[in-house]
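Asker: this one's sequence-less:
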């Protein structure tokens with residue numbers, strides 16, 4: 001009889017019928033007609049981020065209401081505050097991660113009802129989809145909703161349909177465009193106190209993957225295979241010497257390797273277009289000590305290569321971080337540079353006597369002449385390329401392969417010029433751009449930074465539905481650092 005009674009209660013609530021009262025744990029609990037507590041699913045929360053959700057209760061013919069927590073517990077830092085009989089505010093700032101199930105009891109003069117809810121609290125700064133449900137639409141009518149996100153890098157969100165399908169006639173704004181970068185500011189000048197022209201011809205720059213505030217750079221002098229760790233002010237933190245020779249180092253990048261990140265250096269500069277001994281080097285990213293400890297040794301792996309069709313002059317190295325594939329872009333005075341990639345996986349058997357032949361990649365996009373440096377963002381969504389006096393950013397269309405980036409028109413970036421600028425890179429979280437130059441005839445080697453604006457935090461689903469029904473799908477948001485979050489939705493079209 002008890003099981004039958006509970007079954008009747010479930011059916012009664014679902015059908016919106018008021019049929020009987022049920023004794024539960026010594027308390028009379030009534031089923032009320034059209035009882036509904038909104039929202040049915042609560043947004044996720046983040047430690048240290050203010051949380052504020054209005055709970056709304058609707059029912060026919062019973063008023064006023066009281067609110068209380070009848071089971072479980074709220075996340076530490078959150079509380080319930082009644083605003084009106086039909087509404088209650090759930091608010092505060094969570095202080096502890098975890099999943100917190102609880103029941104909210106709503107009472108009146110004729111009885112009480114309890115509703116189960118759960119709030120999941122994630123670590124501070126986590127990327128979260130904040131929208132939990134999407135409203136219904138009408139077949140043939142206009143439809144438009146926002147889907148929100150917060151956290152992560154806070155800039156450059158892109159969205160995709162991870163699974164399922166949208167209702168016919170509706171479209172997702174993938175937000176897969178380039179970033180509207182702010183103006184470059186000078187953060188410092190690279191230290192020139194080492195003498196012997198060290199760091200006077202900086203041609204490669206990349207922020208550390210794991211050590212905030214550390215930048216890796218090399219120069220193009222004849223002093224040897226030296227790698228430098230500097231900070232944003234240009235101060236030298238540590239010097240390293242690779243146990244190899246150098247001919248013409250032209251770019252540096254952070255890329256994936258055997259389960260972790262490596263520093264890659266391109267020894268492939270070829271002003272004369274005659275080299276048959278090009279290679280890229282890689283070393284595990286060393287931990288920079290608190291203070292300089294003298295020049296430290298590093299042992300690199302080497303991957304030798306040739307180009308199909310003969311030698312060419314490249315000065316740009318960047319990566320598809322999903323596959324780990326290195327790409328090289330030609331420096332040419334025309335606007336149609338050649339792009340090549342390595343076959344994968346990389347193999348140290350590609351030595352000077354047995355170099356691998358690179359693979360040509362279609363590149364029909366709009367390019368500036370004389371590309372001297374570039375980088376790919378950590379999320380794999382964008383590429384930045386620069387010449388001596390300008391830069392251009394390219395975005396990967398949603399759902400497309402990484403190489404489709406090289407077939408885009410791109411967006412012009414107002415980068416510093418007037419010196420021999422041969423290095424540009426994204427910051428580790430994708431919210432900054434960094435560039436620097438060779439010394440040339442100028443008094444210093446400035447470091448410049450541009451910032452991305454804060455993301456507006458949402459995308460849209462809009463259009464005119466073309467058929468009635470219910471469609472389930474999962475949306476995934478990716479920030480500029482490559483963090484991902486997703487949530488499943490249902491849209492009902494009546």
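Answerer: Perfect, I can see it now. Please read these numbers as outputs of a predicted model, since none were measured by experiment.
Asker: wait, is residue 422 part of a strand?
Answerer: Yes: under DSSP: H, G, I helix; E, B strand; the rest coil, residue 422 sits within a strand.
Asker: tell me the contacts of it?
Answerer: 202-204, 220, 250-251, 315, 372-373, 388, 437-438 (Cβ atoms under 8 Å, 6 or more residues apart in numbering). Quick note: C-beta positions are derived from backbone N, CA and C, even for glycine.
Asker: hmm, 10 Å instead?
Answerer: Applying Cβ atoms under 10 Å, 6 or more residues apart in numbering, we find residue 422 in contact with 201-205, 219-220, 250-251, 269, 315-316, 331, 370-373, 386-388, 435-438.
Asker: same thing with residue 319?
Answerer: Contacts for residue 319 (Cβ under 10 Å, 6+ apart) come out as 253-256, 261-262, 264, 325-327, 341-342, 375-376, 378, 380, 383, 402.
Asker: now do the helices in the stretch 151-300 of the chain.
Answerer: Read by DSSP state H, counting those that start in this stretch, the stretch 151-300 of the chain holds no helices at all.
Asker: okay, strands next: where are they in it?
Answerer: Secondary structure of the stretch 151-300 of the chain by DSSP state E, counting those that start in this stretch: the strands cover 158-164, 170-172, 185-189, 202-207, 215-219, 226-230, 236-242, 249-256, 261-267, 278-284, 296-298.
Asker: want to throw those strands into CSV with distance to residue 65, mean neighbour count and mean pLDDT?
Answerer: Converted to CSV, the strands of the stretch 151-300 of the chain look like this (distance: least, Cβ to Cβ, whole Å; neighbours: other Cβ atoms under 10 Å; pLDDT from 0 to 100):
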stretch, distance to residue 65, mean neighbour count, mean pLDDT
strand 158-164, 37, 17, 94
strand 170-172, 37, 17, 96
strand 185-189, 55, 15, 96
strand 202-207, 54, 26, 94
strand 215-219, 59, 25, 94
strand 226-230, 62, 23, 96
strand 236-242, 62, 18, 96
strand 249-256, 56, 24, 94
strand 261-267, 55, 24, 95
strand 278-284, 62, 21, 96
strand 296-298, 69, 14, 96
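Asker: identify all contacting residues around stretch 167-174.
Answerer: By Cβ under 10 Å, 6+ apart, the residues outside stretch 167-174 that reach it are 137, 139-140, 143-147, 158-161, 166, 395, 397-399, 458-471, 473, 475, 491-493.
Asker: low pLDDT regions in the chain?
Answerer: 1-35, 60-64, 83-84, 258-259 (pLDDT under 70).
Asker: per-domain residue ranges of it.
Answerer: Domain assignment for the chain, taken from automatic domain parsing, gives 2-122, 128-178+455-493, 185-451.
Asker: circling back: of the contacts of residue 422, keep whichever come out buried.
Answerer: With burial judged by 16 or more other Cβ atoms under 10 Å, the buried subset of these is 201-205, 219-220, 250-251, 269, 315-316, 331, 370-373, 386-388, 435-438.
Asker: now do the helix or strand hosting residue 302 against strand 261-267, angle only.
Answerer: Applying DSSP states H and E as the criterion places residue 302 in strand 301-306. Taking axes from the mean of the first three to the mean of the last three Cα atoms, to 10 degrees, one finds strand 301-306 and strand 261-267 inclined to each other by 40 degrees.
Asker: quick one: strand 301-306 to strand 278-284, angle?
Answerer: Orientation check (the same axes, to 10 degrees): strand 301-306 against strand 278-284 gives 160 degrees.
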